[in-house]
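*Asks:* here are the coordinates; sequence isn't available:
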């Protein structure tokens, strides 16, 4: 059973940067592609894809609106996956979730392909 815990959320201002990290334990990390998703306030049914990285770290995939601003990476030795977020906007305010998939294909972008989730971390961008 994989356990995921996100770190690094908080309150920032428009234009600031923030780095989220996710610590993974309880399984073989390199068996999983990893992803970041987000859920907006008042919309508890849907999680929006942000970015994903394959098991090696060599393949990455981004939602169109995040390209050029966000960067995903993983450290297989440490069992972590990170999301560097730059030029943040108020529209980026959401709960950000780390997720893992072993059963899904590539690119990994659907929340329904996720096998494990972290509890989420709040990111709030003030104007």
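*Replies:* Arrived safely. Quick caveat: nothing in here was measured; it's all calculated off a predicted structure. Residues are numbered from 1 along each chain as shown.
*Asks:* isn't residue 72 right up against residue 82?
*Replies:* Yes: counting by Cβ atoms under 8 Å, residue 72 does reach residue 82; the two are 7.0 Å apart. Just so you know, the C-beta spots here come from the backbone N, C-alpha and C atoms, and that holds for glycine as well.
*Asks:* and the strands in this structure?
*Replies:* 3-7, 10-13, 18-25, 33-39, 48-53, 60-62, 70-75, 80-85, 94-101, 116-117, 121-126 (DSSP state E).
*Asks:* now do the fourth one against strand 48-53, angle only.
*Replies:* With axes from the mean of the first three to the mean of the last three Cα atoms, to 10 degrees as the basis, strand 33-39 and strand 48-53 are set at 160 degrees to each other.
*Asks:* partners of strand 33-39 in the sheet?
*Replies:* strand 48-53 (antiparallel), strand 94-101 (antiparallel) (DSSP bridges).
*Asks:* ok, now the shortest one?
*Replies:* Strand 116-117 has the following strand partners under DSSP bridges: strand 94-101 (antiparallel).
*Asks:* the second one now?
*Replies:* Applying DSSP bridges, strand 10-13 is found paired with strand 121-126 (parallel).
*Asks:* report the rounded mean pLDDT for the partner strand.
*Replies:* Averaging pLDDT along strand 121-126 gives 98.
*Asks:* centre of the chain to that strand, how far?
*Replies:* Put simply, strand 121-126 sits 14 Å off its chain's centre (Cα atoms, centre = their mean, to the nearest Å).
*Asks:* quick one: work out the angle between that strand and strand 3-7.
*Replies:* Calculated by the same axes, to 10 degrees, strand 121-126 forms an angle of 20 degrees with strand 3-7.
*Asks:* other residues contacting strand 121-126?
*Replies:* Strand 121-126 is contacted by residues 6-14, 16, 18, 20, 38, 85, 88-96 when judged by Cβ atoms under 8 Å, 6 or more residues apart in numbering.
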